[in-house]
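Peer 1: A structural model of the following input is requested.
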Amino acid sequence: MTSSSEASAYILPTEIRVQGHGLWLREWTDDDVPAMVELFDEPEIDRWTPLASPFDAETARAYLKRARGARALNRGIQLAITVDGGEPCGEVLLFVDTDGPDIDLGSDAARPTRVGEIAYGIGARHRRQGLAGRSVRLMTEYARAELGADAVILRIAPENAPSIAVARATGFHRTDARPVTRERADGQVVLDTWLHHA
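Peer 2: Numbering: from 1, shown residues only. Alright, predicted model coming up:
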């Protein structure tokens, strides 16, 4: 794994490029808008993520603007998943929470000081190639080594069998933490917390 910049414990690097496990995670560009529409405007992305549906070019540009705003505030990074730095195959996100001690990780977890939460989505044309697992593994390593996270989590709906399989394959286990409720455009979703074994 490599990164173009060293990160302090609380400040995101100016430039982010993460490579490893046969992947190259890079920042989105304005030229990626058509690819984002292809990747995100489909039923499985709508079912399991909070992304807007339909996801058109205007939505993609607004999404990029919000992502860049969060990045500027050091709240997280949203990277295109590629194999060579070119065509996006999906997205992996890392949200950094500096209020780690206030996050319920269940009875089997030490109280963390900094938590990184990972989320991802793979485009329909690029599934069944191991991209989700490799992206989660790579971003977990990045969160620990580069951003100083002492706990890395996933939030997964209990009926989302594919994501549960990815979590187990990449060293996460479901905690006994209270389920988290999050808002979606069509209502609420209840998510379990999965914690990575360091």
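
Peer 1: packing partners for the worst-scoring helix or strand of the chain on mean pLDDT?
Peer 2: Across the helices and strands of the chain, mean pLDDT, DSSP states H and E gives its lowest value to strand 180-184, namely a mean of 82. The elements that strand 180-184 packs onto, with contact taken as 3 or more CB pairs under 8 Å, 6 or more residues apart in numbering; DSSP states H and E, are strand 187-196. Placement of C-beta: from N, CA and C, glycine included.

Peer 1: for the strand it packs on, which positions count as buried?
Peer 2: 189, 192-196 (16 or more other CB atoms under 10 Å).

Peer 1: In a markdown table, list these along with pLDDT.
Peer 2: Listed next are those as a markdown table, based on pLDDT from 0 to 100:
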| residue | pLDDT |
| --- | --- |
| 189 | 85 |
| 192 | 95 |
| 193 | 94 |
| 194 | 96 |
| 195 | 95 |
| 196 | 94 |
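
Peer 1: from the chain's centre, how far out does the helix or strand that contains residue 135 sit?
Peer 2: Secondary structure from DSSP states H and E places residue 135 in helix 131-145. Relative to its chain's centre, helix 131-145 lies at 9 Å (CA atoms, centre = their mean, to the nearest Å).

Peer 1: May I have it as CSV, with CA atoms only?
Peer 2: Provided in CSV are the C-alpha atoms of helix 131-145 (Å, rounded to 0.1, in the frame of the first residue of the first chain):
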residue,chain,number,x,y,z
LEU,A,131,-13.3,-5.6,-5.7
ALA,A,132,-15.4,-5.1,-2.6
GLY,A,133,-13.2,-7.2,-0.4
ARG,A,134,-10.0,-5.8,-1.7
SER,A,135,-11.3,-2.3,-1.4
VAL,A,136,-12.4,-2.8,2.2
ARG,A,137,-9.1,-4.5,3.1
LEU,A,138,-7.0,-1.7,1.5
MET,A,139,-9.0,1.1,3.1
THR,A,140,-8.8,-0.6,6.5
GLU,A,141,-5.0,-0.7,6.2
TYR,A,142,-5.0,2.9,5.1
ALA,A,143,-7.2,4.0,8.0
ARG,A,144,-4.9,2.4,10.5
ALA,A,145,-1.5,3.1,9.0
